[in-house]
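1. Quick check, what structure comes out for this input:
(chains A and B)
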Amino acid sequence: AQKVTQAQTEISVVEKEDVTLDCVYETRDTTYYLFWYKQPPSGELVFLIRRNSFDEQNEISGRYSWNFQKSTSSFNFTITASQVVDSAVYFCALRSNNAGNMLTFGGGTRLMVKP
Amino acid sequence: EAGVAQSPRYKIIEKRQSVAFWCNPISGHATLYWYQQILGQGPKLLIQFQNNGVVDDSQLPKDRFSAERLKGVDSTLKIQPAKLEDSAVYLCASSLDSSYNEQFFGPGTRLTVL
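-> Presented below is the predicted three-dimensional model:
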């Protein structure tokens, strides 16, 4: 069985603050993929990043960065200098080939960035 | 490139009524997914199609839910009869194939069962 836990249900920050969204996963598979999606108020899930289980290099894309640590089964997401447009629900997800390629989502973290 | 299209965007029905949702995936995408997202939760996979065949429907409540993907393109998800707990957003997604390519999601259909 696989599981994704996002312990933070809601985070509120003031614009320009840095914020980190936590994601902890469970799987018995050695080959798997981790994802982050953004869900703005419009409701559409927007793909942000995919990492495979063999690549633990941290990644930076503009104001976004991701920290993957297999030792703690975590895949955390940091937004630097947050902006009001970052306000959304963010989902972490896990996919492994032994689970039929099914995408398992965490419960999501609602981020509110105030001006 | 056009994204995943879904209709209707909103639907309100009474319990025990029937309802159907439609999805048109991105052109050329072989794999199509239907997810149920209950308020405050992450999406849960209901069914996955590869072309017009079902790959995984283990979490589909088959006594009331059905889905088809005739001709391997558009798909329809039906609920008959609906229950109050079916109130949710139904998301359709597609991907090039069933490997590890990212899934592209449609805007969803928000269903309210009264």
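
2. excluding its backbone neighbours, what's nearest the residue of chain A found nearest chain B?
-> Relative to chain B, the nearest point of chain A is A:Phe105 (3.1 Å; Cβ to the nearest Cβ). Glycine gets a C-beta too; all of them are placed from N, C-alpha and C. Computed as Cβ to Cβ, 6 or more residues apart in numbering or on different chains, the closest residue to A:Phe105 that is not its neighbour in sequence is B:Gly42, at 3.1 Å.

3. Now do the contacts for that neighbour.
-> Contacts of B:Gly42 were listed using Cβ atoms under 8 Å, 6 or more residues apart in numbering or on different chains, and they are A:4, A:91, A:93, A:105-108.

4. Strands along chain B, start to end?
-> For chain B, the strands defined by DSSP state E occupy B:5-7, B:10-13, B:19-24, B:31-37, B:44-50, B:53-56, B:65-68, B:75-79, B:88-95, B:104-105, B:109-113.

5. Relative to A:Asn52, which of those is closest?
-> When these are compared by Cβ to Cβ, strand B:88-95 sits nearest A:Asn52, at 15.7 Å.

6. what's that closest one packed up against?
-> Strand B:88-95 is packed against strand B:5-7, strand B:19-24, strand B:31-37, strand B:75-79, strand B:104-105, strand B:109-113, with contacts defined by 3 or more Cβ pairs under 8 Å, 6 or more residues apart in numbering or on different chains; DSSP states H and E.

7. Tell me which two of the contacts of B:Gly42 sit farthest apart.
-> A:Ala93 and A:Gly107 (11.1 Å).

8. Extract the C-alpha trace of the lowest-mean-pLDDT helix or strand in chain B and format it as CSV.
-> None of the helices or strands of chain B scores lower by mean pLDDT, DSSP states H and E than strand B:53-56, at a mean of 90. Only the C-alpha atoms of strand B:53-56 are listed here, as CSV (Å, rounded to 0.1, in the frame of the first residue of the first chain):
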residue,chain,number,x,y,z
GLY,B,53,-9.9,-0.6,-22.3
VAL,B,54,-10.1,-0.4,-18.5
VAL,B,55,-6.7,-0.7,-16.8
ASP,B,56,-7.8,-0.1,-13.2
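
9. circling back to that earlier point, present the strands of chain B as TSV; the columns should include distance to A:Tyr37.
-> Formatted as TSV, those follow (distance: least, Cβ to Cβ, whole Å):
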stretch	distance to A:Tyr37
strand B:5-7	17
strand B:10-13	22
strand B:19-24	18
strand B:31-37	11
strand B:44-50	14
strand B:53-56	20
strand B:65-68	22
strand B:75-79	21
strand B:88-95	10
strand B:104-105	8
strand B:109-113	18
